[in-house]
Structure formats: structure tokens, C-alpha cells
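**Q** the following comprises the amino acid sequence and a computationally predicted model.
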Amino acid sequence: MATVFVSGVDTYAGRSIAEVIAGSSAEFFPEGSASKGPLTVIGTLHDKAGKKPKCVERIVDAADKAALKAELLAATHIVYDITQHADVIPEAIWAIEALDAVSDDFAGNKVFVLVSTIMTWAKTKPVDPEDLSPIAEDEFRRRRPHLNFKAHLDLEKQVTKIGKKENTKLLTYVVCAGLLYGDGELLFHRFFKSAWQLEEPHLECYGAGDNAVPAVHVRDLGAIVSAVLTSTPPQNRYLLAVDDGTSTLEEILRSIADTLGNGVVKKIAKEDALTDGSLAQEDYDSLMINLRVDAAAIKDLAVNWACQGGLVESIATVIAEYRKARGLHALKVCVLGPPGAGKSYLAGQLCQHYKLPRIHIQGVIKSKLDRLNDAVAKLESPDISPEDSERADAAKEELAEARANIEANGGKYGEELLCKWVKETLGRGQCRNQGYVLDGFPKTTAHAKDIFGAAEEQDTAILPEFVFAFDATDEFLKDRIMALPESEVAGTHNSEEGLLRRLAKYRAENTEDNTVLNFFDLLEIHPISLAAESSNAPFERAIHIIGKPRNYGLTAAEQAALAASEAAKSAAAEARANEERTKLEAALAAEAAQAQATWAALRSEVQRQHAEARDQAALPLRSFLVKNVLPTLTKGLMELCDVRPEDPIDYLAEYLFKHNPRIE
């Protein structure tokens, strides 16, 4: 039984090493071997939230030193990787010292492999400055590290020294890895992503780019480590793990740009590389290495290479791995249907949702002519390169052919030329990497064959994966166009006359037996019918059928713009809420003031009436009668005596009422 301990199985290199070792059980127990039993891979996580690979049996808590030591002592093979995270170095020092202290008690030999980085050689110079041949691996004793990798070198020396002890049962090896690439990328990811997204018109090369970059595929590193563990103990205890590639940084970037991007690499000053803060100092140091080495020892090992020839030679394989590991798949959609059905509106929605370029005839024509004119304009530059000069001459010829074509076709480009330009567009740049939404084209089966090829010679690389076809009656389309505002119709083909002309042509070119939809149907790209509606239903149905996006999420610039937009919206909403709150508070304050004034007036009136009542109650009754009753009553009685009416009481009452001083 063999138990292999691998540190940091959730890291870029650690995961690959663990996976390769787990798949090498036959090499650990070769035919005729006395040792039999299952191969178990265990390890630690660098990130506590990291995910355990399926190939790893169990995770050891690195913080629990007692448990970690027990697992190291029980393991038959131990691999510590310090290529990516320098913070693992203290743990690796503790581990090798703990094992060395009890190595005499081992029942058998135990293998310890330190996976280090080529940066411990970064400042190594040839003995003869004029000698341009690679530095030999057996010159490792005079290697000189980059300033930021001295701790790595010190650990390498410590591991090598422990392994040199006489009769030791702790066999130690140092595998010094070149810069790692492959399987989704790490160090080179910024270049792959930039080329894939075509965010910038070029890839940036730091400095002259003529520095030699020793590298190795991350799975080849795993294979080399596995070979060291499973082989008869190698004679060399210090091994360089680099592939046969001798490419410079510029050559690597050009291979990425040519295969994945638009083929343009621009050199920038070294001091500008770190200005935007997106490139870590350690990554910059690694990319600036200039070193050629001869890795001789690994040639004697049984290594099952993935990319022995190097990154540039294996760029197609590496890009395929990158796309698979990152889940990047081109999404190609074609939207067809009669004029006025809503093709362009849906195409725009899909482009925005899936971050894809919208391809339509007018855009293809403009883009093609712009590229040709830009290429020709370079002829006026005195510093034009031979390659640009050759491209400019070819562009000049193409422009002449385009002018002749448009003259021969009555002021319009011929359909054959347009199909050629559309095909070129679908096979390059963003369309090749990320996909496209083809808006309203091809219109006929002949167009489709010109663009995508006849049945026996299909260009599957550019064929759409989804074809959506709008279906609507002529009456519906006429009503829709007639309902458009005049401002939207002016200067377009969407006038009534223009619609009828285009609709008649569309119906003539797409009959039940002869329609471009049949072309795709025969290829088992079955068109999906969409009802032409004013609602959002076509878009919702389309994204339900297509599924989730297959591209990167928002770029850093887009994330910043979105954050700024959300912040602006939040600030505007808060300002509106504050304004409404201020208005409400003002209204409530005014209402409260009015209520307070009304209450004060009422209270004043009540107080006045109470005061008056008190004053009246304070007068003596006699005075009250003399003052208020007797004068009028006396006059009434006197008149009563003079008149002597039949009903004296009623007469007196009437008199008092008429002569009431308050009423008067």
C-alpha cells in the first residue's frame, strides 16, 4: 500500500500533481512488485474554503500539527509544492525537519519531493558571458535566485542537504519547475483572457520581449513528480522540470494572439507594466525571467508528456484546455424572419444578455471597408514593417475589387461578395471565440450555401447552434409598421411602400418548399419558431432555450461601470427619498402649525367667554336688574297703562321683544 501526501491539493499545481499521481497506480505497483494494495492520495488545502479534488481520499488540517505529523509519518511519499504560494515555505521547513528528526526510526525509505520554481535560477549567468548555450542542470550549486525568491532557494538547499546524510532513510528530491501553463492557465491567464475577449486591440508585451521563458505544462510537472516517486531513485537529487520549448515572451504572446486573439502584440515599457495594478509583482518578476537551461535528468525518466515541445508548439492543445477548463464555448445564433417581425430587436437583446457581437449586413460592410482602409493608410508611414506593407498591398487590391463590384451591380455590392464578407466575419475575432448573433442573414438557401458551405463540405466552425425564425402574417406586419411613430419610420425602409416591397421579395424567396430554414433543418439545426409579438415573450423563450451564458462575466471596466451606475441610481433614489421626506416634514409642520393656531384661537375665545361669564356673575342681582331689565320694563308698563290692551301680558311681551336693547 502506498500513501502519497501532497500539499495544497486545491492549488493550480497541487491539484494537477495529485490528479496525475492518483492516475499512476500501475507505476507505483509495477508488475512483479512485492508491494500491493490501493494507492491513496491525501493532502492539505491552502484555502480553508478550497474544494477537495475527487482523486484525494481525505484532507489533513495543516493547522493541527500533531495530526499533520502523524499523516506525514504514515505516508510513503510526500510532496510539498511551493511554486505558487510562498506562505507554504514555513510549513515545508517544519515538515522536513520533523521527518529528519525521526528518520532513523523509519521502517523503510520515505521519499520527500520539494516542488520549487525556476525563479531560484533567475539571476544565474553563464560562466562565459559569450557562451549562449543553455546552462547545464548539474550547475545548480551556483544558481542565483531572484531577490524575491531567496526563501525558496534556502529551502531547496535545506532539503538537498538532509537527503545527503549517510544511510538516511529520508530520500529527498528537489524538482525545480519552469513557469507553469495549461489547464485553464494561471500566470498566462491575463493574456489568454485578453485575447479571448478582445477587450484591447492588442496583447501587451513588457519590454523588448526577447527574454527566454523556461516553462512546463502543469500536467507535465505532475508527470515528472510522479516519475520521481515511482521510478528507481533517480541519480540526480536536483532536477529541472522544463519542456523543450525555447520560446521568448514575445513568441509566446504572438502565438496566443494569432491563435486566440486578433494577432496583434504591442510592446510597452517595462515600467508601465505595473501601473494599472492588475499585474502582481511576483507575476511580473516571473514573466521577465531570461534563462535558458538544459533539463537533462528528466529525459531518463518515464514521463508521459502532454506538451514536451513547449507552449508555442502546443498552443492549439493549450487553448482547447483553456476553453474547457474555463467553460468558454462559442454561442452562435441566427435570427431570421420577414421584415418588421422584430429580428433586430431580438438580436440586440440576445447580444446584450450573452455579450455577443451582432452581425448584420450594414455592419459587415462598414467593418470590412474600415479594415481595408486602415491597412492601406499604413502605406504612408515611413516606418511600415514588411508584414504591414504586404497586408496593405493586398487591402489595396481588395478595395479596387470592391469598387468594381459595386459599379457592376448598380450601386450595390453583389450578393456573392457580401456572403464572402459575412463568412470572413464569422470566422474571425469575437465570432470565432465568443460566437455571434447573425441578424436577418442569410436570406436565401443560396446565401446559406455560400456562407456555410454545401452539404458535403460544411464549415462547421462557423455554423450556428441555434436558429430562431419569426412567423407572422402580412396583415400583422403591416399593422405593426403603420403603428410606428413617424420619427422612427423617417429615413428607413419601414415605410408602407418599403415594407410591401421587402415583404413581397421575402415571400418570393421563401416558399414552403424553398426556404433558407430547410437548409438548417437538413443539417439538424432545427429552426425554432417565434411568434412576432410586441411583448418580451420572444426574448424570454430564446434565452430559456439557449440557457446560461458561456462567456466570462463582466469585465473589470464593466463591473466598475455597473457599480458606478448602481451607486448613481442609489444616490438618486436616496436624494428623491430625502426630498420627499423633506416635503412631507414641511407639510406636516405646516399642518401642525395651522392646527396649533386654530387651537390657540379656540382656546382664546373660550377663555374670553369664561371671563365674561365670570364678570357677569360677579354683579349684584339688583344692579343687574336695574341696569338691564327695569328701564325697558318700566317703559313697557307705562305704555301698558296708557293703552290698556285686551291681553296685557302678550302686549308687554311684544313690547319687551321690540325694545330689547341688544337687538336694537
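**A** Nice, thanks for sending it over.
**Q** give the residue spans of this protein that score low on pLDDT.
**A** Within the chain, the ranges that satisfy pLDDT under 70 run 25-38, 231-233, 455-456, 484-496, 534, 553-562, 617-621, 663-664.
**Q** ok, longest helix in it?
**A** Secondary structure of the chain read by DSSP state H shows that its longest helix is helix 556-618.
**Q** helices or strands next to the helix or strand just after that helix in the packing?
**A** Heading C-terminal from helix 556-618, the first helix or strand you meet, by DSSP states H and E, is helix 621-628. The contact analysis (3 or more Cβ pairs under 8 Å, 6 or more residues apart in numbering; DSSP states H and E) places helix 621-628 against no helix or strand. For glycine as for every other residue, the C-beta is placed from the backbone atoms N, C-alpha and C.
**Q** try 10 Å this time
**A** For helix 621-628, the packing partners by 3 or more Cβ pairs under 10 Å, 6 or more residues apart in numbering; DSSP states H and E come out as helix 556-618, helix 630-643.
**Q** about what we covered before: any idea of the angle the longest helix of the chain forms with helix 621-628?
**A** Put simply, helix 556-618 runs at 100 degrees to helix 621-628, going by axes from the mean of the first three to the mean of the last three Cα atoms, to 10 degrees.
**Q** before we move on, the earlier item: just send the helices and strands packed on helix 621-628 back as TSV, with distance to residue 66 and mean neighbour count too.
**A** Formatted as TSV, those follow (distance: least, Cβ to Cβ, whole Å; neighbours: other Cβ atoms under 10 Å):
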stretch	distance to residue 66	mean neighbour count
helix 556-618	44	10
helix 630-643	119	13
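**Q** take those helices and write them to TSV, including distance to residue 300.
**A** Shown next, in TSV, are the helices and strands packed on helix 621-628 (distance: least, Cβ to Cβ, whole Å):
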stretch	distance to residue 300
helix 556-618	46
helix 630-643	144
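**Q** wait, which of these is closest to residue 274?
**A** Taking Cβ to Cβ, helix 556-618 is the member of the helices and strands packed on helix 621-628 nearest to residue 274, at 15.9 Å.
**Q** measure the residue of the chain most remote from its centre to residue 651 for me?
**A** What lies farthest from the middle of the chain is residue 642; by Cα atoms, centre = their mean that is 116.9 Å. Residue 642 sits 11 Å away from residue 651, going by Cβ to Cβ, to the nearest Å.
**Q** same thing with residue 250?
**A** Taking Cβ to Cβ, one finds residue 250 at 132 Å from residue 651.
**Q** comparing these two, which residue is more hemmed in?
**A** Neighbour comparison, residue 250 and residue 651: the larger count goes to residue 250, with 19 against 16 (by other Cβ atoms under 10 Å).
**Q** so which bits of stretch 191-204 are buried?
**A** Neighbour-count burial for stretch 191-204, counted by 16 or more other Cβ atoms under 10 Å, picks out 191, 192, 193, 194, 195, 196, 197, 198, 202, 203, 204.
**Q** and that stretch, how far from the chain's centre?
**A** Relative to the centre of its chain, stretch 191-204 is centred 14 Å away, using Cα atoms, centre = their mean, to the nearest Å.
**Q** then stretch 166-186?
**A** 33 Å.
**Q** output that stretch in PDB, but only the C-alpha positions, please.
**A** Output in PDB follows, covering the C-alpha atoms of stretch 166-186 (Å, rounded to 0.1, in the frame of the first residue of the first chain):
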ATOM      1  CA  GLU A 166      24.800   9.000   5.100                       C
ATOM      2  CA  ASN A 167      22.400   6.000   5.400                       C
ATOM      3  CA  THR A 168      19.400   8.200   5.800                       C
ATOM      4  CA  LYS A 169      16.000   6.600   5.100                       C
ATOM      5  CA  LEU A 170      14.600  10.000   4.000                       C
ATOM      6  CA  LEU A 171      15.200  10.300   0.300                       C
ATOM      7  CA  THR A 172      14.900  13.900  -0.700                       C
ATOM      8  CA  TYR A 173      14.500  15.500  -4.200                       C
ATOM      9  CA  VAL A 174      14.000  19.000  -5.500                       C
ATOM     10  CA  VAL A 175      12.000  19.400  -8.700                       C
ATOM     11  CA  CYS A 176      12.600  22.900 -10.000                       C
ATOM     12  CA  ALA A 177       9.600  23.800 -12.300                       C
ATOM     13  CA  GLY A 178       9.600  26.200 -15.100                       C
ATOM     14  CA  LEU A 179       6.800  28.800 -15.400                       C
ATOM     15  CA  LEU A 180       3.600  26.800 -15.400                       C
ATOM     16  CA  TYR A 181       0.900  26.900 -18.200                       C
ATOM     17  CA  GLY A 182      -2.000  24.800 -19.300                       C
ATOM     18  CA  ASP A 183      -5.300  23.500 -17.800                       C
ATOM     19  CA  GLY A 184      -7.100  26.900 -17.600                       C
ATOM     20  CA  GLU A 185      -3.900  28.900 -17.000                       C
ATOM     21  CA  LEU A 186      -2.600  30.900 -14.000                       C
END
